[in-house]
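kindly return the folded structure for what I paste below:
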Amino acid sequence: MKDKIKVGYIGIGRRGKNILKNCLVHMDDVELTAICDLYPPALELGRSLIVEQGRPEPIMTNDYMDIINNDEIDAVIVMTEWAGRAEIAAKTMYAGKYAAIEVGCAFDISECYMLIEAYEKTGMPLMMLENCCYGRREMMALRAVKEGLFGEIVHCDGGYHHVLPEEELFLDIESEKKHYRIASYINRNCENYPTHELGPISKVLNINRGNRMITLSSFASKSAGLKEFSKKLLGEESTYSNIDYKQGDIITTVITCAGGETIHLCLDTTLPRPYYSRNFTVRGTKGMYTEERKVMFLEGMEEGIENNEKEMFEKYDHPLWAEYFAEGIKGGHDGMDWLVCRAFIESIKRGENTPIDTYDTVAWMAIAPLSEMSIAMGGAPVAIPDFTKGKWINREPVVEGKYCLDKVCVDKSVKI
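Numbers count the residues shown, from 1 in each chain. The predicted structure follows:
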């Protein structure tokens, strides 16, 4: 078991900066050996965040191959824009290093096959840093499912309900720092950001471990909200106010599973709404959990319950979160960022597979190109590839440990 992990870090944009600032520079067993970005001010920001914590000066480069080819580095974290992440991750794996990528989908299904091939040829793990798998609500529901409190699971809902135009899509729109997402909204029409909800749902439904997603049907509303936001934020004469965006305002996706369960996803990022929500919902024969009303409902409870989360946390909090809450939450996004980063680092230290593994990662990445195909065909069902080639039926035993997402584990020997 390694005491310290040497990490190469590629991409110091908005999200990359936050993970670096809130998590990695505060982890004593992580050495940020080298950092990479094409934008010089971002590179300098990364350097300053590291040295301000009393850490050694990192190697700085604008060529990510300098990091991948560095024999001292154990793992590479890829926080670049969506396009190109898969190629960087595959090259990392071929170089014999653990790879982690930020949340995001593939542009083409071939990227998913490329990552699977890299993993199966090298045995080097790839982990999507899907922080919502480590959300407190999601992990409480996961515990309830694993303990049978909801009975047989039948259906799950989830969404990405987050108004993005002012916060991201049109932020710094006239500069070279503009967010890369806007290009996708201009050119694509798909479920482009499903993993915040699909990650936790996949763990609830044992996807890739005794179950798998089989078909997908996606439907897109017309696109009107983004143009309206552009006029309000940038003015009627702005170039962005006169673009016919391909991305529908509301994308609805229904997924069927081998076990007979259904999944409903909703992408909702370009129309006004009063609050952020992932609408995480689990329905079973003996109960349910719903984020929207913050309710866990079990057999024997009175109907009409409103917001019983505090009581449910006291009874059914996941042991990881019970310990985390007692010791003090760290990192960003209500503590989820710290947990997902620790899950990755602990896997490297132990030389084990990651709790969100390569098959999980590519299954979630595939949703965007598959939904794009379905929408283009009027919502026709599209087959979801079996990236495991049948291994989902009888996968090897799960890697147990503090950060395991496939069963509820308790490990006090590992500090959060």
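
need the strands for the stretch 301-416 of the chain, in chain order.
382-383 (DSSP state E, counting those that start in this stretch).

contact partners for residue 111?
86-87, 365 (Cβ atoms under 8 Å, 6 or more residues apart in numbering). Bear in mind the C-beta positions are built from the backbone N, C-alpha and C, glycine included.

please point out which parts of the helix or strand hosting it sit buried.
Using DSSP states H and E, residue 111 maps to helix 109-122. Neighbour counts using 16 or more other Cβ atoms under 10 Å place 109, 111-116, 118-119, 122 of helix 109-122 among the buried residues.

and for stretch 209-228?
Buried, per 16+ other Cβ under 10 Å, within stretch 209-228: 209, 211-213, 216-220, 223, 225-227.

stretch 77-93 too?
Applying 16+ other Cβ under 10 Å to stretch 77-93 flags 77-82, 85-86, 88-93 as buried.

closest to residue 38 out of the buried residues of helix 109-122?
Set against residue 38, the nearest of those by Cβ to Cβ is residue 111 (20.5 Å).

partner residues bridging residue 257?
residue 213 (DSSP bridges).

quick one: neighbours of it, just the number.
22 (other Cβ atoms under 10 Å).

same check, this time on the one 4 residues further on
When neighbours are counted by other Cβ under 10 Å, residue 261 registers 22.

one more: the one 4 residues further on?
As a burial measure, residue 265 scores 27 neighbours (other Cβ under 10 Å).

quick check, it in a strand?
Yes. The assignment for residue 265 (DSSP: H, G, I helix; E, B strand; the rest coil) places it in a strand.

so who does it touch?
Here residue 265 is in contact with 157-159, 191, 194, 197-198, 251-255, 367 (Cβ under 8 Å, 6+ apart).

with secondary structure added, can I get the residues you listed in TSV?
Output for the contacts of residue 265, formatted as TSV (three-state DSSP):
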residue	secondary structure
157	strand
158	strand
159	strand
191	coil
194	coil
197	helix
198	helix
251	strand
252	strand
253	strand
254	strand
255	strand
367	helix
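
just how off-centre is stretch 52-63 within its chain?
26 Å (Cα atoms, centre = their mean, to the nearest Å).

oh, that last question was meant for stretch 160-169, not what I typed.
Distance of stretch 160-169 from the chain centroid (Cα atoms, centre = their mean) equals 17 Å.

one more: stretch 357-376?
Put simply, stretch 357-376 sits 13 Å off its chain's centre (Cα atoms, centre = their mean).

and stretch 82-92, by the same measure?
For stretch 82-92, the distance to the chain centre is 16 Å (Cα atoms, centre = their mean).

sorry, back to before: and which of the contacts of residue 265 is nearest to residue 296?
Relative to residue 296, and with distances defined as Cβ to Cβ, the nearest of the contacts of residue 265 is residue 157, at 14.8 Å.

next, count neighbours for that closest one.
20.

residue 72 too?
10.

could I get the contacting residues of it?
Applying Cβ under 8 Å, 6+ apart, we find residue 72 in contact with 6, 33.

list the residues that contact the closest residue to residue 40 other than its chain neighbours.
Counting by Cβ to Cβ, 6 or more residues apart in numbering, residue 40 lies nearest to residue 62, which is 7.9 Å off, once chain neighbours are set aside. Residue 62 makes contact with 36-38, 40, 43, according to Cβ under 8 Å, 6+ apart.

just the buried ones from these?
Looks like these have 36-37, 43 buried, using 16+ other Cβ under 10 Å.

just the ones of those in helices?
Among the buried ones among the contacts of residue 62, DSSP state H puts residue 43 in helices.
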